[in-house]
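Colleague: I need the structure of the sequence given here:
(2 chains)
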Amino acid sequence: MRILPFTLATLALANFTQAAEQAPYSSATISGLGARNIGSATMSGRIAAIAANREPSGKITIFVGAASGGVWKSEDNGTTFKPVFDEQPVQSIGAIALDPRNSKNVWVGTGESWTRNTISIGNGVYRSTDGGETWTRVGLPASERIAKIVVSPENSETAYAAVPGPMWSDSPDRGLYKTTDGGRTWNLILKGANLSTGCSDLDLDPNNPNAMFASMWDYRRKGWTFRSGGDGPNAPSGSGLFRSTDGGATWTEVTPENSKGFPKEPYGRLATAIAPSNPQRVYCFVESTDSALFVSDDGGATWDKRDKSQWMVWRPFYFANLIVDPKNPDRVFKTDGALIMSEDAGKSFATVGGFNGAHGDVHDVWIDPTNTQVVISADDGGIWYSHDGGAKWWKGENLPISQFYHVSVDDADPYRVYGGLQDNSSWVGESQYPGGITNAQWENMFGGDGFWMFPDPSDPDYLYAESQGGNIGRVNRKTHQGRDIQPKPNYKEKLRWNWNTPIALSPNEKGTIYIGAQFLFRSKNQGQTWDRISPDLTTNDPEKQKQEQSGGVTIDNSAAEMYTTIYSISESPKDKNVIWVGTDDGNVQVTRDGGKTWTNTVAAVPNLPPNSWVSWVQASNFAPGTAYVTFDRHTFGDMTAYLYKTTDFGKTWTPLVTPQELSGVSGYAHVIKEDLVQPNLLFLGTEFGLYVSVDGGKQWAQFKGGRFPVGVAVRDIAIQPRENDLVLATHGRGIWIIDDITPLRALTPDLLTQEAAFVPLRPVQQRIQGNGGWASGAATFEGPNPPDGAVITYYQRSRHLFGKLKIEVLDASGKVIDELPASKRPGLNRVTWSMRTKPPRVPPAAQLAFAGTSGPRVLPGVYTIRMTKAGKVSETKLTVGLDNRAKFSEADRKAQFDAAMRVHALFGEESALMDRIMPLRGATAQLMKTLPEGDETRKAVADFDEKLDQVRKQVVATTEGGAITGEERLREHTDQLYGAILSFEGKPGDYQIANIDALRRELDDVTKEFAQLIATDLPALNEKLKAAGQPPIEPAPTKVAAQEPELGSGRDSASARQMLPANLRLLHR
Amino acid sequence: MKIPHTLILLACSGIIARAVYAQEKQAPTVDQLVAKNVEAKGGADALQSLRSVQLTGKLLVNQGQFEMAYSQTKKRPGAVRTEATVQGLTMVQAYDGQEGWKISPFGGRKDPEKMSGDDTKGLIEDAEVDGPLVDWQAKGSTVEYLGTEDVDGTEAHKLKVTRKNGDVSYVYLDPEHFLEIRVLTQRVLRGAQVEEETDLGDYEKVGGVFVPFSIESGSKGSSDKQKIIIEKGEANVPADESMFQFPAAPSK
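Modeller: Sure, this is the predicted structure:
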């Protein structure tokens, strides 16, 4: 296409001619709101796989595959990490492999294979040839999860992918795959014995890459049961160890018959590893009725049974991984709850990590081949470094891959965020903090795995938290005492608590709390007593209650498979007697009489397969009969979203998102929330992101704002009602905040027809600017605060590319007081106004007067924001007020402003005086050049110049050289006073006001001295000059503008020195 | 009836973009995109006629709370001088085609300092009057087309420019007008990679060539980038070589 020549005028015309058409509603429309991640990296989250390489430079490059938080890369031994997979549609990682011949070739298998109940899904193999900067999906789209990728040491284009395959359904897309063309095509070279058996591990002989062992694994998870191996300890299983010596063309199963010492079937999960320094040494962990480590010293021909300690055999589905020292064939690590290590070829193991000083539940280990004392381990709590072979561990503090299940907020100012995480307890964090939200702004309040967590609205000293299986506690925030308030069963009764047992607060009564087993419990007195307010609301299907037999070969009944339970609870904000309950086995129950009678409404939900897991039921904020429900069928292998709405207490349900009409929504649905103000504004969290509808669910757009990873699971959403912030609990990337969603409420069809228009602005506060934080190096996480200023939001149909998009701020008199750099993107845009007046004119001196780079913040009031785009002007009003927390009045604020402006004026007058002095000195300098040395007139000129300079040196510090001169003159004292007054926006101290007067008097003195020079010395000098035939020196102008700001005269607050980036680069391209 | 997702996706790229895709079903080549970029800027002749350019305006850092007067002069074949002034103190960073130097006056020193080779890399790129794509072969760069990527709501063409020294710039071109809207640069400084993301906009013609009058740069995805607003652009201003060269005597 040829670009037509155009001018700004034709562009403007084009814009106006299009203005009547409504822009399509899309991600671009909403994503300009941005989002910020507040972490935390202190608890971090589960890592499924790591890969690393000691580079020729000596530095270690590390790739981290987060269980549900993407791929992170470090090029500096883990000091800093950056996410490199955020543009991809999935965030669950199963395997990472570096090409042994070229570590820039990185392979990633998506979909974790540590098959706990809560894991996500992947969509195939990705490859990067530039060290992870860019990725191409190269195949196996239906694999769902990939346990391992191994690249041939002889050929960069040859790789193997171990695919255990879909966890929730039968599938032929599993087994061991091989590519010989860099991933363009894949061949299934080892297929499972049945549709639930795939490949879970692989290792190649480094000396002969055609020789390999592959572990096949028969496994399946349902909502209510799990098996590793067959349906019971002795049931038939497709699992087994296979070997090939011809690059995978043919395979032989390793059996007790052909390989002496190998255990008998049936098997569960196996793990295998060949010692790199001695390929005859082969390790194999075998899950069986007698699980143990088996070791071969003849390349797998015969085997010897070795360790079978607790951490060798515990939960094989979660921990089957063996890592052999690259140099020492006898040294081998086995991942488990603890990390265990053997130095005698597996005869004995010692606990060296995991639960021993680190978090525990270890999934992967990397040993530095150049220094095998350097070990990196990855567990449910992030990444850990050991420099002494695993004896002691150093925690990585910079991976915010935390896996929240739920989030809530309180009404403190700033508000705090509450939530529980996979294997990482329940935490309270700050939504903003002076200096940024570091790991220190998060506090652990409970234990175990964490889920729902709420502040107690009836007593701010308490909160509710829970661990898995409904173990709810009421926790004192100060003493951390956690009182167990879980309701107990009746005589010979079993309460069925879901792994992620729902807790709900009444929106109508402070102190009323709900928790659900198969019955709904309600307490009106903070858990002192509980009322059982429902019958069993589930299907109570006994076939789904056999968790004591769950696990397959190894019984594993941790509450993760507890089923036929209540999973979601919501009391109507409009009527406390209307309570909705959703169950994991597909019931949507409602009571309209506070629990006396219940109706199961699920039969009225159209086109819904039976027994679909109710992931969320949400009572409307606007009508008692209105509710929303999401169903999550991923435990049946259906990865699509289901969302319905009722307006008649569940008599009828209207589909909003279903597989028949997904409206662009990807991933199974976890949560639906309705805005607090605009009923048509809906937020849907799925396994693959956040989706927003502004029209009641007809159209949906995925949120992609800021650095929010597009494919991350959003499992809960909270709205802070005072700030109108949307707080997202992601399962894999921590808590994200979209500050102030009020613009979404204004996204009407009419607005979408505008070329550019302001969105109504909420009143802004002049937030107190506190100092906080401390130098902590680059290796710790720090989350950003909201912008420090007034955020102005506007909408534009398309990207602004040509000419100036001008945004100005006008005061009440209509005077333009600032111009802001505009944001350019299509859709909603945000810019920040510092709310500061122009800085004073500060006289030039040897160093910057740092406080003087800034003006005081404007007085509270109503300001006009004016946008000019392509000749079209639009305006909106902005109300500026004090910080709600301020302890001073607007009158105090005005006193501070006035005082600051008096000092501001003082600076200006000092500048004006300098403006009068400097031209005279310019003239004297010129004369000194013309007049000969020793000349009398020259001496007179020099004397006069010296007197001028003496005046100058009373106004400003003049010593250059960059040292701490301590030279304080009028300007420097003015700056100190100015900074002191700016540091607090309440009433200034009397001593500060007095100091203004003192400095003014000092300036008057200097000015008089200067005036005396002009009145007497200058005419005398001019007489001498005239006699010498030289032109006279013009007297300085008597009036010089004191307040007119020079172009770009800077602004800043008192701590400007810290604000200037150390490596400020004056950049223009 | 609801609109299928694919249609929504297409629709959001805009009317002109739809026309582009209708005409060009094949992915564009590097040469095509570079040619369009040259044409979009004003054409090869206009670019060649632009021997020097001087831009003045203001520089904002720390969410606009710190403001400096800004000016930048660049001159073919590869010299640049950038200044930022506050309270009469002028910070200078310059490159004359051979060496980079700077003056950092805010702490009381006004003498020029030599910049290291690595620190000069950014200046060398700044000195390019035409940007990274034009004449990439002559500069010894390689360029790859990497498809399209969402740049803040715009599905932009992504080009990877690998410079002779190994540094990489990902250049994102607007799909309708083929001007740069973002450049993500990965430089190796003292052995470690440093990323700098620069968003470009408010293009105006200077000497017949479209030049961005809005430049925002910072770390990737940062919500608080350093912002430069150009207020005046002048073409072919007299720019003596000495202004780019390391001063013989300390600046007064």
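
Colleague: From the contact counts, what lies against the top helix by length along chain B?
Modeller: Longest helix in chain B by number of residues (criterion: DSSP state H): helix B:30-41. When contacts are defined as 3 or more CB pairs under 8 Å, 6 or more residues apart in numbering or on different chains; DSSP states H and E, helix B:30-41 packs onto helix B:44-49, strand B:142-151, strand B:154-162, strand B:168-173, strand B:209-218. Bear in mind the C-beta positions are built from the backbone N, C-alpha and C, glycine included.

Colleague: buried set for the next helix-or-strand element following the last one?
Modeller: The element immediately downstream of strand B:209-218 (helix or strand, assigned by DSSP states H and E) is strand B:226-235. For strand B:226-235, the neighbour count (16 or more other CB atoms under 10 Å in any protein chain shown) marks B:226-230, B:233, B:235 as buried.

Colleague: Next: stretch A:179-199.
Modeller: Quick answer for stretch A:179-199 (16+ other CB under 10 Å): A:179, A:182-183, A:186, A:188-192, A:195-199.

Colleague: before we move on, back to that, now the buried residues of strand B:226-235 in CSV, with pLDDT and distance to residue A:616?
Modeller: As requested, those are exported to CSV (pLDDT from 0 to 100; distance: CB to CB, whole Å):
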residue, pLDDT, distance to residue A:616
B:226, 92, 42
B:227, 94, 41
B:228, 95, 46
B:229, 95, 46
B:230, 96, 50
B:233, 97, 55
B:235, 97, 60
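
Colleague: closest to chain A among the residues you listed?
Modeller: Lowest distance from chain A to those (CB to the nearest CB) belongs to residue B:227, with 4.3 Å.

Colleague: Assess the claim that the closest one and residue A:821 are in contact.
Modeller: Yes - contact between residue B:227 and residue A:821 holds when scored by CB atoms under 8 Å: they sit 4.3 Å apart.

Colleague: where does the chain dip in pLDDT?
Modeller: No chain in the question, so chain A it is. A:1-20, A:1038-1069 (pLDDT under 70).

Colleague: wrong one, chain B
Modeller: B:1-25, B:249-252.

Colleague: Longest strand in it, please.
Modeller: Using DSSP state E, we find that the single longest strand of chain B is strand B:192-206.

Colleague: relative to strand B:226-235, how tilted is it?
Modeller: 40 degrees (axes from the mean of the first three to the mean of the last three CA atoms, to 10 degrees).

Colleague: mind listing what residue A:704 touches?
Modeller: Residues near residue A:704 by CB atoms under 8 Å, 6 or more residues apart in numbering or on different chains: A:27, A:31, A:710, B:150.

Colleague: oh, I was asking about residue A:619
Modeller: Going by CB under 8 Å, 6+ apart, residue A:619 touches A:570-574, A:578-580, A:626-627.

Colleague: can you redo those residues as a markdown table with secondary structure, neighbour count and distance to residue A:71?
Modeller: Listed next are the contacts of residue A:619 as a markdown table, based on DSSP: H, G, I helix; E, B strand; the rest coil; neighbours: other CB atoms under 10 Å in any protein chain shown; distance: CB to CB, whole Å:
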| residue | secondary structure | neighbour count | distance to residue A:71 |
| --- | --- | --- | --- |
| A:570 | strand | 23 | 36 |
| A:571 | strand | 23 | 41 |
| A:572 | strand | 26 | 43 |
| A:573 | coil | 17 | 41 |
| A:574 | coil | 16 | 45 |
| A:578 | strand | 22 | 45 |
| A:579 | strand | 27 | 43 |
| A:580 | strand | 26 | 39 |
| A:626 | coil | 20 | 42 |
| A:627 | strand | 28 | 39 |
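
Colleague: quick check, nearest of those residues to residue A:517?
Modeller: Within the contacts of residue A:619, the smallest distance to residue A:517 is 15.2 Å, found for residue A:579 (CB to CB).

Colleague: Identify the farthest-apart pair in the buried residues of stretch A:179-199.
Modeller: A:182 and A:196 (30.1 Å).

Colleague: neighbours around the nearest residue in space to residue A:32 that is not next to it in sequence, how many?
Modeller: Of all residues not flanking residue A:32 in the chain, residue A:828 sits nearest, at 4.1 Å (CB to CB, 6 or more residues apart in numbering or on different chains). Around residue A:828 there are 25 other residues, counting by other CB atoms under 10 Å in any protein chain shown.

Colleague: Next: residue A:258.
Modeller: Neighbour tally, residue A:258, other CB under 10 Å: 12.

Colleague: Would you tell me what the next helix or strand after the top strand by length along chain A is?
Modeller: In chain A, taking DSSP E as the definition, the longest strand is strand A:208-222. Sequence-wise, the next helix or strand downstream of strand A:208-222 (DSSP H and E) is strand A:225-228.

Colleague: just checking, what packs against that following strand?
Modeller: strand A:208-222, helix A:316-319, strand A:551-552.

Colleague: After the second one, which helix or strand is next?
Modeller: Think helix A:316-319. Using DSSP H and E, the first helix or strand after helix A:316-319 is strand A:322-324.

Colleague: quick one: residue A:728 is in a strand?
Modeller: Yes - checked against DSSP: H, G, I helix; E, B strand; the rest coil, residue A:728 lies within a strand.

Colleague: Could you pull up the contacting residues of it?
Modeller: Per CB under 8 Å, 6+ apart, neighbours of residue A:728: A:35, A:407, A:685, A:690, A:714, A:716-717, A:735-738.

Colleague: nearest residue to it other than its sequence neighbours?
Modeller: residue A:736 is the one closest to residue A:728 (CB to CB, 6+ apart), at 4.4 Å.

Colleague: just residue B:234 next, same as before
Modeller: residue B:54 (4.7 Å).

Colleague: Partner strands of the strand or helix carrying that neighbour and their direction?
Modeller: Assigned by DSSP H and E, residue B:54 falls within strand B:52-61. Applying DSSP bridges to the sheet, strand B:52-61 is found paired with strand B:66-75 (antiparallel), strand B:226-235 (antiparallel).
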